[in-house]
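Chemist: Here is my input, please return the structure:
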Amino acid sequence: MFGPSLAPEDSAAGHEHRWSAPAVWQGVTADCAQARGVRAGIPWQRTPGVTLLTLIALWGAGSVVSFAVNRHHIVSAAARAQQLVNHPAVNDPQLMALQALRNDIGRLQTQQANGAPWYQRFGLDHNAPLSAALMPWYGQASNRLIRDAAMQALTQKLTVLANLPPRSPQRATLAKAGYDQLKAYLMMARPDKADAALYAQVMTTTAPSRPGLSPALWQSIAPDLHAFYMQSLPSQPAWKITPDRQLVTRVRQVLLEQIGRRNAESTLYENMLTRVRRSYADMTLEDMTPQTDAGRLFSTPESVPGMFTRQAWEGGVQEAIDNAVASRRDEIDWVLSDSRKTLSGDVSPEALKQRLTARYFTDFAGAWLNFLNSIRLNPAHNIADVTDQLTLAGDVRQSPLIALMNTLAYQGQTGQQKEAISASLVKSAKNLLGGDDRPVIDQQAAGPAGPLDSTFGPLLQLMGKNSVQSVMAADSSLSLQTYLTRLTRGAPQAPAGGKRRRPAGDDAAAGADGLPGQER
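Modeler: Predicted coordinates for the structure are as follows:
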């Protein structure tokens, strides 16, 4: 009981399942008891912190870069603006400084529209306020170096044009350039009409050089500065000029006179007919009397020009007149006309349309009258020939006369403006509401009026194509149908040896209601 303690190994030495570790394993177990465990992989608790520190470092570096770049741009732009304002001279360095400042403003405007580069952001982008701050400085220098010089050059050119004598041949030479110069001059006074490309092009030819500046430098830089001025004018209305109204009026008068001479009515009319003539063949007597033997009744060596037919009017002439009027209207635009004033009748597009239309239908009627006056009835040498001609003329199915009259009736209605359905309904409503106040004879019931009524009106009435016949109680016996019936009934009979023919008047009477008269 009071003996010495036994060693652990000695106390368990007799256990049958005891494992005695070799020396190597005893070393491993001793080391494991002293070592500390390490977690496998990245600990998620530290990830947000590392990420936040990385972002802070990147944002800080980006802010430093953005600050340096933006400060450089601000300082350089301010230096150029100060140079332009503090040294108001006209020399090459001033022009180059103005171009550099224009490039800075253009870059700022582009970045405003499309976004600044990443290295200028990070909360330090000052493109919008910097551009707004530079525009007044640029405008002051640009007006002195570019705008005033352009206005002076345009004024000199326009004054020369306005002071030319009325019959001077130089007016025609300078008219085209004068129109462009007047347009550029008015653009400077009307920002809503600004056209940067056209303005730069006009100023390149109007002011190819500038006193005090190198010609090569001016020609390489000035077009871009002119275009930028006109491009910025709508957003900077304070940059516009006050035009000389008297000068503008004088130049407009000169240019309108030249337009009237260059595009004279006779020239436009002849060119229009030349274009149409190639598309329509001349109309002969055989064309007017299809499926009939017109040579047995009458003949003519003449023909109607194809450009003076209803097909030509509806298919080409009417459109050609509208195009000529539209071209005149385009020429007399806001440059040559003031909305507060009325153009003279000589150059008005509406008056031009009326004159061209009236002239065309005058020639139209003259061509058809010349053709009709040239028709000659074939001579008859005996009673049989006379009977054949009268019989053929009264045959409603094969009569060349009826076919010719149908063609004339169709052509005589060229240019008539038919009443629209809406207008007809309005007129009917007025008649219903008017009661007994309306006149006995409807003054508008005479049918559509046409430009050829004075020439073809009697013929149309003879053919029953004019509704005046149904409005006023005219002589009902005056018609082509009645005339042919009476003519053929009174025709002489064939000689005694020949076979008696049926009077053609019977055919005419039988086909009275079926007389061809419809439009073809």
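
Chemist: Could you list the low-confidence segments of the chain?
Modeler: Scanning the chain for pLDDT under 70 picks out the ranges 1-15, 260-264, 330-331, 339-347, 418-448, 465-478, 487-488, 490-520.

Chemist: can you map out the strands along it?
Modeler: Using DSSP state E, the strands of the chain run over residues 298-299, 376-377.

Chemist: Quick one: list the elements packing against the first one.
Modeler: Packed against strand 298-299 by the contact rule (3 or more CB pairs under 8 Å, 6 or more residues apart in numbering; DSSP states H and E) you find strand 376-377. (Each C-beta comes from the backbone N, C-alpha and C, glycine too.)

Chemist: Measure how far the strand it packs on is from the centre of its chain, please.
Modeler: 53 Å (CA atoms, centre = their mean, to the nearest Å).

Chemist: just checking, what packs against that strand?
Modeler: Here strand 376-377 touches strand 298-299, going by 3+ CB pairs under 8 Å, 6+ apart.

Chemist: about what we covered before: buried deepest among the strands of the chain, which one?
Modeler: strand 298-299 (a mean of 15; mean count of other CB atoms under 10 Å).

Chemist: before we move on, back to that, can the strands of the chain go into CSV with extra columns for distance to residue 144?
Modeler: Putting those into CSV (distance: least, CB to CB, whole Å) gives the following:
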stretch, distance to residue 144
strand 298-299, 84
strand 376-377, 84
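
Chemist: who wins for proximity to residue 314 among those strands?
Modeler: Among the strands of the chain, strand 298-299 comes nearest to residue 314, with 28.2 Å by CB to CB.

Chemist: How about residues contacting the closest one?
Modeler: Strand 298-299 has contacts (CB atoms under 8 Å, 6 or more residues apart in numbering) with 285, 375-378, 400.

Chemist: ditto for stretch 126-143
Modeler: 70, 73-74, 77, 81, 84-85, 94, 98, 101-102, 104-105, 108-109, 111-112, 116, 120, 225, 229, 232, 236, 238-239.

Chemist: Filter the residues you listed down to the buried ones.
Modeler: The neighbour count (16 or more other CB atoms under 10 Å) marks 70, 73-74, 77, 81, 84, 94, 98, 101-102, 104-105, 108-109, 111, 116, 120, 225, 229, 232, 236, 239 as buried among the contacts of stretch 126-143.

Chemist: about what we covered before: how about the strands of the chain, which one is nearest residue 162?
Modeler: Of all the strands of the chain, strand 376-377 comes closest under CB to CB, at 61.6 Å.

Chemist: So in that sheet, which strands flank the closest one, and in what orientation?
Modeler: strand 298-299 (antiparallel) (DSSP bridges).

Chemist: End to end on stretch 312-324, go ahead and measure it.
Modeler: 16 Å (CA to CA, to the nearest Å).

Chemist: Dump the contacts of strand 298-299 to a markdown table, plus distance to residue 89.
Modeler: Converted to a markdown table, the contacts of strand 298-299 look like this (distance: CB to CB, whole Å):
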| residue | distance to residue 89 |
| --- | --- |
| 285 | 85 |
| 375 | 87 |
| 376 | 91 |
| 377 | 95 |
| 378 | 96 |
| 400 | 92 |
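
Chemist: from those residues, which single one is nearest residue 180?
Modeler: Checking the contacts of strand 298-299 one by one against residue 180 (CB to CB), the nearest turns out to be residue 285, at 54.0 Å.

Chemist: Could you verify my assumption that that closest one touches residue 294?
Modeler: Yes: assessed by CB atoms under 8 Å, residue 285 is found in contact with residue 294 at 5.5 Å.

Chemist: Overlap of the contact sets of these two?
Modeler: With CB under 8 Å, 6+ apart, residue 285 and residue 294 have common neighbours residue 404.

Chemist: The longest helix along the chain: which residues count as buried?
Modeler: Longest helix in the chain, counting residues (DSSP state H): helix 47-86. Of the residues in helix 47-86, 62, 66, 70, 73-74, 77, 80-81, 83-84 count as buried by neighbour count, 16+ other CB under 10 Å.

Chemist: about what we covered before: which one of the contacts of strand 298-299 is nearest residue 179?
Modeler: Nearest to residue 179 among the contacts of strand 298-299, with distances taken as CB to CB, is residue 285, at 50.6 Å.

Chemist: Could you check how far the closest one is from residue 372?
Modeler: Separation of residue 285 from residue 372 (CB to CB, to the nearest Å): 10 Å.

Chemist: what's the answer for residue 55, then?
Modeler: From residue 55 to residue 372 the distance is 98 Å (CB to CB).

Chemist: ok, back up a step: between residue 285 and residue 372, which is the more surrounded one?
Modeler: Taking other CB atoms under 10 Å, residue 285 and residue 372 do not tie; residue 285 has more neighbours (21 against 15).

Chemist: Next, the contact list for that one, please.
Modeler: Residues counted as contacts of residue 285 (CB under 8 Å, 6+ apart) are 294, 298-300, 303, 375, 404.

Chemist: mind redoing it with 6 Å?
Modeler: Counting by CB atoms under 6 Å, 6 or more residues apart in numbering, residue 285 makes contact with 294, 300.

Chemist: Outline the domain layout of the protein.
Modeler: 55-140, 263-378, 379-416+444-520 (automatic domain parsing).

Chemist: how about CSV for those domains, with distance to residue 39 added?
Modeler: Shown next, in CSV, are the domains of the chain (distance: least, CB to CB, whole Å):
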stretch, distance to residue 39
domain 55-140, 25
domain 263-378, 82
domain 379-416+444-520, 101
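
Chemist: Minimum distance to residue 178: which of the ones you listed has it?
Modeler: Nearest to residue 178, of these and by CB to CB, is domain 263-378 at 10.4 Å.

Chemist: quick one: that closest one to chain centroid distance?
Modeler: 26 Å.

Chemist: can you check stretch 151-158 too?
Modeler: 31 Å.

Chemist: Pull the residues that contact that stretch.
Modeler: Stretch 151-158 has contacts (CB under 6 Å, 6+ apart) with 181, 185, 206-207, 241, 247, 251.

Chemist: let's see it at 7 Å
Modeler: Residues from elsewhere that reach stretch 151-158 (CB atoms under 7 Å, 6 or more residues apart in numbering): 178, 181-182, 184-185, 188, 206-207, 241, 244, 247, 251.

Chemist: and that stretch, C-alpha only, in PDB?
Modeler: Extracted in PDB, the C-alpha atoms of stretch 151-158 (Å, rounded to 0.1, in the frame of the first residue of the first chain):
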ATOM      1  CA  MET A 151     -20.900  89.400 -92.700                       C
ATOM      2  CA  GLN A 152     -18.600  92.100 -94.300                       C
ATOM      3  CA  ALA A 153     -17.600  89.800 -97.200                       C
ATOM      4  CA  LEU A 154     -21.200  88.800 -97.900                       C
ATOM      5  CA  THR A 155     -22.400  92.400 -97.700                       C
ATOM      6  CA  GLN A 156     -19.800  93.500-100.200                       C
ATOM      7  CA  LYS A 157     -20.700  90.800-102.700                       C
ATOM      8  CA  LEU A 158     -24.500  91.500-102.400                       C
END
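
Chemist: So which bits of it are buried?
Modeler: Quick answer for stretch 151-158 (16+ other CB under 10 Å): 151, 153-155, 157-158.

Chemist: Looking at those residues, which one is closest to residue 212?
Modeler: When those are compared for distance to residue 212 (CB to CB), residue 153 wins out at 14.2 Å.

Chemist: picking that back up, in helices, which of the contacts of stretch 126-143 fall?
Modeler: 70, 73-74, 77, 81, 84-85, 94, 98, 101-102, 104-105, 108-109, 111-112, 225, 229, 232.
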